[in-house]
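Peer 1: Sequence plus predicted model, see below.
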2 protein chains.
Amino acid sequence: MNNYRLNQQIQFIVEIDKLKTVLRQTMLTDGSRRENSGEHSWHLAMMTMILAEYAPSEVDLFHAMKMVLIHDLVEIDAGDTFCFDIQNNKSKAQREAAAAKRLFGILPENQGKELHLLWEEFEARETPSAKFAAALDRIQPMLNNKATKGGTWQLYNITHEQVMKRMAPVEEGAPQLWNLVQETIEECIAAGYLQPPKSTTTTQG
Amino acid sequence: MNNYRLNQQIQFIVEIDKLKTVLRQTMLTDGSRRENSGEHSWHLAMMTMILAEYAPSEVDLFHAMKMVLIHDLVEIDAGDTFCFDIQNNKSKAQREAAAAKRLFGILPENQGKELHLLWEEFEARETPSAKFAAALDRIQPMLNNKATKGGTWQLYNITHEQVMKRMAPVEEGAPQLWNLVQETIEECIAAGYLQPPKSTTTTQG
Ligand SMILES: [Ca+2]
């Protein structure tokens, strides 16, 4: 191609096809296989659209949508780090920062910088848009875990306490959806998909 | 859930997980497997972002992005119809209309109607945003076919004439990207990934 700038952009578009081969722990709702990070990102973008009316008024929905679309790109190099994996989460930040540098570096400089900032904004979870994006990123696997009778919670014996800690950003980023989370978790406990919190276990005899 | 409206929206969000199991003919760039329509839609949304500067000024980018995100949802019921399959393309419109009615009908009425209109706008390809979205939907498989040494063009003996007919909407919807298409097709012919147009085949002897 004669156009150097467009050539860099096309190179990036071809490169990110690889996100479709990065597997997450979450299963598809039909239980047929693990979800990949490309289709996961699509699902979050759809949720940004469908659940837009529950976003706090300060949220810029287009900006939040762009954030969920790019939030997992670093996994192309760094792999998906399971949220409950303590060991791998220690090295996560460093691995992902290197990945961001390489990947966004494929793009024309101004555009690469823009995407890098967008990813950092998502990671920092400080702006209303980033907080809303993070909330959706927590809700989606919860829904898939419910649909697969506990999914990864069952597979890795994840506790109620761990799940609630993981879900906490929803309360801040999408307070209007917090009730949904609480009710869904209660339904999952009632259905036996998640162990109830230890403190409320009734003792026999 | 007590909130009936939110319940419908969550039901829709869970339902569309199925798009991740609808396989297209296009292969991933690494040739490992066929692409599914969920991750394909993500890729188009990323392209909307990365190639935004080449959109005609009348294009509403957020609107175009929403369109590419939802454009394939009807395939959950209707399946993916290969663009070069003449027989199945005859029944496509009817099958997809029924799918749209069921799927968007899961949503609260006003929102379902909004998404239905958005999908019809994409299908009609009359607005600048729909034309731009269609252009991206043509460019992405071309890039993947190039990356897989001809991909589906090779597999189904697709001719240069068929490809150019398929790519035509790019010239109208994203004229600034038409040169990219022409050059990429030429590169694919030169590399032997696509047969040259019959009229320019040199005769031996
Ligand atoms: Ca995520």
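Peer 2: Sure, I can see it.
Peer 1: Spatially central residue in chain A, please.
Peer 2: Central residue of chain A (Cα atoms, centre = their mean): A:Asp137, 3.5 Å from the mean position.
Peer 1: and the residue nearest to that one when sequence neighbours are not counted, how many neighbours?
Peer 2: With Cβ to Cβ, 6 or more residues apart in numbering or on different chains as the criterion, A:Asp137 has its nearest non-adjacent residue at 6.0 Å, and that residue is A:Leu44. In short, each C-beta sits where N, CA and C put it, glycine included. Residues contacting A:Leu44 under the criterion other Cβ atoms under 10 Å in any protein chain shown number 22.
Peer 1: swap in A:Thr81?
Peer 2: With other Cβ under 10 Å as criterion, A:Thr81 counts 19.
Peer 1: go on, A:Glu121?
Peer 2: 18.
Peer 1: What residues does it make contact with?
Peer 2: For A:Glu121, the contact set (Cβ atoms under 8 Å, 6 or more residues apart in numbering or on different chains) comprises A:67, A:127, A:129-130.
Peer 1: same thing but 10 Å
Peer 2: A:63, A:66-67, A:71, A:127, A:129-130, A:133 (Cβ atoms under 10 Å, 6 or more residues apart in numbering or on different chains).
Peer 1: Could I get the full set of strands for chain A?
Peer 2: A:23-27, A:34-36 (DSSP state E).
Peer 1: Can you tell me what sits against the first one?
Peer 2: Taking contacts as Cβ under 10 Å, 6+ apart, the residues outside strand A:23-27 that touch it are A:33-37, A:39-40, A:43, A:72, A:75, A:79-85, A:140-145, A:147-149, A:151-152, A:155-156, B:17.
Peer 1: how much space is there between the residue nearest to A:Asp137 and A:Met67?
Peer 2: 9 Å (Cβ to Cβ, to the nearest Å).
Peer 1: Hmm, A:Glu171 and A:Ala134 touching each other?
Peer 2: No. Under the criterion of Cβ atoms under 10 Å, A:Ala134 makes no contact with A:Glu171, lying 11.1 Å away.
Peer 1: okay, the two: which has more neighbours?
Peer 2: A:Ala134 (22 against 16).
Peer 1: Contact partners for the more buried one?
Peer 2: Contacts for A:Ala134 (Cβ under 10 Å, 6+ apart) come out as A:64, A:67-68, A:71, A:122-123, A:125, A:169-170, A:172-174.
Peer 1: From the rest of the structure, what touches stretch A:89-106?
Peer 2: Counting by Cβ under 10 Å, 6+ apart, residues outside stretch A:89-106 touching it are A:8-16, A:18-19, A:70, A:72-79, A:81-83, A:85, A:88, A:111-120, A:123.
Peer 1: how about that stretch: buried residues?
Peer 2: Neighbour counts over stretch A:89-106 (16 or more other Cβ atoms under 10 Å in any protein chain shown) mark A:95-96, A:99-100, A:103-104, A:106 as buried.
Peer 1: same check, this time on stretch A:17-24
Peer 2: Result for stretch A:17-24 [16+ other Cβ under 10 Å]: buried residues A:17-22, A:24.
Peer 1: swap in stretch A:178-194?
Peer 2: In stretch A:178-194, counting by 16+ other Cβ under 10 Å, buried: A:178, A:180-181, A:184-185, A:188-189, A:193-194.
Peer 1: Let me see the contact set for A:Leu6.
Peer 2: A:108, B:50-51, B:53-54, B:176-177, B:179-180, B:183.
Peer 1: what does A:Glu109 give?
Peer 2: A:5, A:8.
Peer 1: how about low-confidence regions in chain A?
Peer 2: A:1-2, A:199-205 (pLDDT under 70).
Peer 1: Please list only the buried members of the contacts of A:Ala134.
Peer 2: Buried among these (16+ other Cβ under 10 Å): A:64, A:67-68, A:71, A:122-123, A:169-170, A:173-174.
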